[in-house]
Each structure stands twice: as C-alpha cells, then as structure tokens.
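> I'd like to go over a predicted model; first the sequence, then the structure.
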Amino acid sequence: MSETSTAYEPPVVVGVDGSEHSLRALEWALGAAEDVGAPLIVAHVRSEALQLGAARIASLGATPELPDTVARTARTVVEERGHRVPVRYDSLDGAVTDALPAAARDARLLVTGSRGHGGFSSLLLGSTSRTLAMTAPCPLVVVPHEARAASLKGGTEAGRVLLGLHPEETADGVVDFAFEAAHHRGVPLEAVTSFRLPPPQGALLAVPSPALQVPPPLPLADDAKALVSEAEREQEERLRPFVARWPGVELVPVVVPGDAAGRLVTGSQDAGLLVVGRHHRHHLGSLLIGSVAHAVLHHAHCPVAVVPPGES
C-alpha cells in the first residue's frame, strides 16, 4: 500500500518512542484511522543524542543518514498487523511537547500512550501526555497502559462511547466529537451529567463545640428528585440539536448526583472511548484541562479523548 497520505483527509497522528505503551497507542491509532478512512502518520521525535549527531554530520557538509530504530520498529508492528489506510513515518527533531503538536496542527487526532520511556513505572500518566492534554491543537487520545486498561480486543469498536457532559460548560465541539466517534464505531453514546447535591441548610450552621457536631442529614428525597429532574431537562435541551444531527447514534442519557470524575472512571471499565473537554485558557494565560479531565486521564480504564474547546 502506498505510504503517501491524501491531500484532503486530515490524518491521525500517533507519537511513538519504542516503549510498549506507545506501541499499544500505535495499534489503537491505526484502528481509529481505519474507522474513518484517514491516513495515519507515525511520528517519532528523535533522541537528543541522535539530533546532535545528525546536526554534527550536517555541519561537515554531509547528508546525515542515521537510522531511526524506533520508526523501524513501528513500521514492523504496522506491517505485521496489516493496514487499510496510507501510513507515513516521520522522524522529528526538537522537544517532544513542541514537535508533536506541530505535527498534529491539521490532524483529526493526536494519539499517545499514557507513559513512555523514562520516569517511574508507578506513574499513572507521563509528563508528556499531561502536557499534550493542555496544548494539543486537535483532540488528544491517551491510550492507557495495559496494567490498568480494559481489554481493547476488537479495536476501537469494542465498548460504547462515554461523554462527560456539563450542560452549561461543555463546548459544542466536544459533544459533536463524541457523537461522531459513536457514529463511526457503530456503538451507543452514553452522556453522563453528574453533580453534587448542595448540603442541607442545617449543615451550614456553626455549632459551639466539636463534641456536639453530628453528621448532617441527607437531602430530602423530594429535593433530590427535583434537582435531578431539572438536570435531566437541561441535558435533554443541550443534546437535542446533536441528536437531530446524528439520528443514527443511540443516545443513553444519564443524570446522577455524585462525583463526576468517579462516575466516568467507573463507567470507563467497559467503555471503548471516554470523551471530556479541555478548558479555555485561564485569564492569566495558563492552560487548564479541568479537574475531571485530570482525574480521568490518570485513572480511566479505556482510551480518553481530551477535546479542545474550539474543536468543531
């Protein structure tokens, strides 16, 4: 198969470094590219030593031809699996957190493993994936390492798409991305809206002594039901235009009181993809991914897509 990508179809870009985590991400990215008929770009940022060696050879007037063993390994994985879309292999220079976003500037997806080479094996999320979640110019999918991942047998078609939805804050592009993902995979989309119940009024009153403190009473059942009903109405209104746009997608709306991140992590155990949004820039210019996105990136059992707010 030709390894030149088409000019009109945004590619899926996957970052590899030769680690088992990145090769797992490569297999997932290839399946995702095949789902939508997009070309795949396998990008490897060369080590500093290799970059320096190439620069030294170039300074002598020669054309550096240093072998990229990581790209060679990735090519072997792809060819042994087989592929139905064009695949290109790019060796990049610079810092990983700069080179990969540049390579994915016009991409449909950027895919990475949760960890790469280096660091501590006990880390749930590597620093590169964490930085890319804040800076990627397109949706970033982080594929969890095998130790905490649900089975990926069946590729991207295994398991429903799970969307963390805040009716007022989640951007349109995030919701549309989730519907499109469910459409291409032919699976249901479960939209989860979770919220904390306010404490009862008595819980806010000061007591004269710690010895007199007692656990606050649970909210009245009628109050809880009213809050859930209102949240269900808001969710239905928020999703209505997307349901009309994607009539073939089976929507499973879920509204429950409780911790949003915890609900999504639990649901990720049998999901194929978990979709969350990335926050807008902070007023001081820093980039934020939000507490829910941060939690699911560290603990989800399935691949997590972090979608920029401007994505459409």
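Received it, and whenever you're ready, just let me know what you need. Residues are numbered from 1 along each chain as shown.
> How about the strand or helix carrying Val265, which residues are buried there?
Using DSSP states H and E, Val265 sits within helix 260-267. Neighbour-count burial for helix 260-267, counted by 16 or more other CB atoms under 10 Å, picks out 260-261, 263-267. For the C-beta atoms, the positions are set from N, CA and C on the backbone; glycine is no exception.
> next SSE after it?
For helix 260-267, the following helix or strand on the C-terminal side (DSSP H and E) is strand 271-277.
> Would you mind writing the CA trace of the host helix or strand of Ala182 as PDB?
For Ala182, the element it lies in under DSSP H and E is helix 172-185. Only the C-alpha atoms of helix 172-185 are listed here, as PDB (Å, rounded to 0.1, in the frame of the first residue of the first chain):
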ATOM      1  CA  ASP A 172     -20.300  22.100  21.200                       C
ATOM      2  CA  GLY A 173     -17.100  20.700  19.600                       C
ATOM      3  CA  VAL A 174     -16.700  18.200  22.500                       C
ATOM      4  CA  VAL A 175     -20.300  17.000  22.200                       C
ATOM      5  CA  ASP A 176     -20.000  16.700  18.400                       C
ATOM      6  CA  PHE A 177     -16.800  14.800  18.600                       C
ATOM      7  CA  ALA A 178     -18.400  12.200  20.900                       C
ATOM      8  CA  PHE A 179     -21.400  11.800  18.600                       C
ATOM      9  CA  GLU A 180     -19.100  11.400  15.600                       C
ATOM     10  CA  ALA A 181     -17.000   8.800  17.400                       C
ATOM     11  CA  ALA A 182     -20.100   6.800  18.300                       C
ATOM     12  CA  HIS A 183     -21.300   7.100  14.700                       C
ATOM     13  CA  HIS A 184     -18.100   5.700  13.200                       C
ATOM     14  CA  ARG A 185     -17.800   2.900  15.700                       C
END
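> quick one: contacts of that helix?
In this structure, residues lying in contact with helix 172-185 by CB atoms under 8 Å, 6 or more residues apart in numbering are 35-36, 139, 156-157, 160-161, 163, 165, 188-189, 191, 238-239, 242, 245-246, 248-250, 272-273, 275-277, 305, 307-312.
> buried ones in it?
173-185.
> Which other helices and strands does the next helix-or-strand element following it contact?
Using DSSP H and E, the helix or strand that follows helix 172-185 in sequence is strand 189-195. Other elements packing on strand 189-195 under the criterion 3 or more CB pairs under 8 Å, 6 or more residues apart in numbering; DSSP states H and E are strand 160-164, helix 172-185, helix 221-245, strand 251-257, helix 260-267.
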